[in-house]
Every structure is written in C-alpha cells, then in structure tokens.
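Student: Let me see the structure of the following:
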Amino acid sequence: MMQVQSIDQVQAMLTEQGYVCGRALATVVFLSLRLGRPLFLEGEAGVGKTEIAKALAAGLNRRLIRLQCYEGLDASSAVYEWNFPAQMVAIRTAEAAGGANRSDLQAELFSDEFLIERPLLQAMRPDENGSPVLLIDELDRTDEPFEAFLLEALSDFQVTIPELGTIKAPEPPIVILTSNRTREVHDALKRRCLYHWVDYPDFGREVAILQSRAPEAGAQLSREVVAFVQALRTEDLFKKPGVAETIDWANCLLALDVIDLSPEVISDTLGAILKYQDDITKLQGTEAKRILDQAKASLEVV
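Tutor: Numbers count the residues shown, from 1 in each chain. Below is the predicted model:
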C-alpha cells in the first residue's frame, strides 16, 4: 500500500492515474493525507473535483466509496437502511414455525444480517488495504440539517445505529468533499476541512490533461481544442465548459477523424461542449468563426 512522503510524490502519483494537477492542489492533498483532515474542494462543475478522489483512491490502492448528494438526502439514507422485505420474510417464517421468542426474533431482525450499509457506514468499516477514500460529492445539493449531521460524523468518525449502537472507524477514512457552490456551505463544516478552490487550468496544464486523457489527439488539434474552449470561457455563457467538456469534445472530434478545427466542424459538435440551447444559439453563424480566429491567433503567441 503506497504511502506518500512528499508533494512531488503526490503529483507523480496523480499523474500516473491520468490526473494532471498543479502544485497548489498537490500541496493541499498532501497535507490532507499527512494530517488526516478532510479536504473540501469547491469550483465550477467539470473542473476535476470528483476525478481527484478517483485518482487518489487508485494511486493509494484504496477503496473508493462515493456518497452522491441530492436535495432531501437525510442521515439515515447516507448511513444505513434495514432490509424490510427480508425482515418480513423472517417474521412470517417464524410465525409459521410457531413458538418464536419475541425478544430473540427482534434481536435477529435487527442484526448485521438484515443491515444495508450506505456510504458513511461503509467508510467506517475496517479494510485490509487501509482506510477507504470517502467522496462526498456535490454537498451543496443537500440542506443544512444534513450538514449538521455530517459535521458530527466527521468530527468523531463514528455513526450511531439505534438498534446496534455506535460504530467507530478503526482508522479515519480519507474524506474528500466537493461543492459546485450553488449555495454556500456552512463555515462550521468548512473549518473541519482543508480548503481548495479548483479553478479552470491554464493553457499548458489543460493541454497536458487533454493529452493524458485523449492521447490519440494530435498536438496541433489538442492545442486548437484547448485554445477554443478557453476562449469560450471568456464569453457571456449560461454554463461555461469545464475540463470534462474539453475531453468529451476532443473524443468526438477524434471519432469524426477531424485533424483541424473549422467553423463547420465546431457548429456540428457544439453539443459536446455546451449544454444549453441559448449558449449554442449564441455561437451560430459568424460567432464560432470569430472565436476560432481568436483562439488560433492566441496560439501564435503561446
């Protein structure tokens, strides 16, 4: 099982997993691992917040446990549920057999056999490869009561199941929380974590990311794709494309055997980088050519 000893080692490990990150992000990841602190990542959608948890789990050879947040998520759904259908079968079987002791039956019904473990409980369990990576994704989609529960759970790394008691992690999981900042997360939770804002990468790093994730793309096409997407991000769009869209678009162009960007190709494939019709409409006609010309002009001075 790999143990990281330096910031450079973190960068190298993530690069091996296809995740190209800057020094600042590698530093906060290293500190999170060294100090055992949760890592809170904020940034626009598609900049690689979720991917870093995947790369970290793969690089450390740890299990990745993902809690995908959504509106209305409550503590019970995040920790455990009882297998009610199986419990009902056990009750009917006991009734049919006759003479079942009520207290013994209750103890059996609320045992590990009928327990369905959800992500937070799974993360508290021991693992032969070491503590897992717990990804709490898009926390900003939940509400304040769940944040309050999470604050308590991450403070002691333990959860309580009324029928079974308190379950404490023998070794704290590696926790990564992400937020697209659709709303502000409470300061009390942020103070429990190390914080990093994941921004759009600069030109050189985004080219490196694209070459890592879509190596079949030629150098010139990769540079043109990144230059065009970065020019798009300066436009007044409802949703600016992230790195994920850059990679998706490059793969679409490869599937079409494109070797050089043109206004026609861009118009045909806009759905790979823009996800709202209003944004796509803005780029119809001469707008795509204008931005492409701007992007190609920027390449001449890079």
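
Student: The spatially closest residue to residue 269 that is not a sequence neighbour: how many residues sit nearby?
Tutor: For residue 269, ignoring the flanking residues on the chain, the nearest one in space by C-beta to C-beta, 6 or more residues apart in numbering is residue 252 at 5.3 Å. (C-beta placed from N, C-alpha, C; glycine too.) The number of residues packed near residue 252 is 16, by other C-beta atoms under 10 Å.

Student: Same check on residue 89?
Tutor: 11.

Student: Roughly how far does it sit from residue 83?
Tutor: 9 Å (C-beta to C-beta, to the nearest Å).

Student: Moving C-terminal from the helix or strand containing the residue nearest to residue 269, which element do we reach first?
Tutor: Using DSSP states H and E, residue 252 sits within helix 243-255. Once the chain leaves helix 243-255, the next helix or strand it forms, by DSSP H and E, is helix 263-268.

Student: Return the distance of that following helix from the chain's centre.
Tutor: Between the centre of helix 263-268 and the centre of its chain there are 31 Å (C-alpha atoms, centre = their mean, to the nearest Å).

Student: One more: stretch 219-231?
Tutor: That offset, for stretch 219-231, works out to 25 Å (C-alpha atoms, centre = their mean).

Student: List the contacts of residue 194.
Tutor: 28, 31, 32, 35, 37, 38, 39, 40 (C-beta atoms under 8 Å, 6 or more residues apart in numbering).

Student: for it, phi and psi?
Tutor: Main-chain dihedrals, residue 194, degrees, to the nearest 10: phi -80, psi 140.

Student: Give me the distance between it and residue 181.
Tutor: 17 Å.

Student: swap in residue 134?
Tutor: Distance from residue 134 to residue 181, by C-beta to C-beta: 21 Å.

Student: So these two - more neighbours on which side?
Tutor: Set side by side, residue 134 and residue 181 show more neighbours around residue 134, with 28 against 12, by other C-beta under 10 Å.

Student: Show me what that one is bridged to.
Tutor: Applying DSSP bridges to residue 134 gives these bridge partners: residue 65, residue 175.

Student: confidence score at it?
Tutor: With respect to pLDDT, residue 134 has a value of 97.

Student: what sits against it?
Tutor: With C-beta under 8 Å, 6+ apart, residue 134 has these contacts: 65, 67, 119, 120, 123, 173, 174, 175, 176.

Student: So the second one, which state does it fall into?
Tutor: Going back to what we said before, that points to residue 67. strand (DSSP: H, G, I helix; E, B strand; the rest coil).

Student: and it, how many neighbours?
Tutor: For residue 67, using other C-beta under 10 Å, the count is 22.

Student: Tell me who's in contact with it.
Tutor: Shown in contact with residue 67 (C-beta under 8 Å, 6+ apart): 78, 118, 119, 120, 134, 135, 136, 137.
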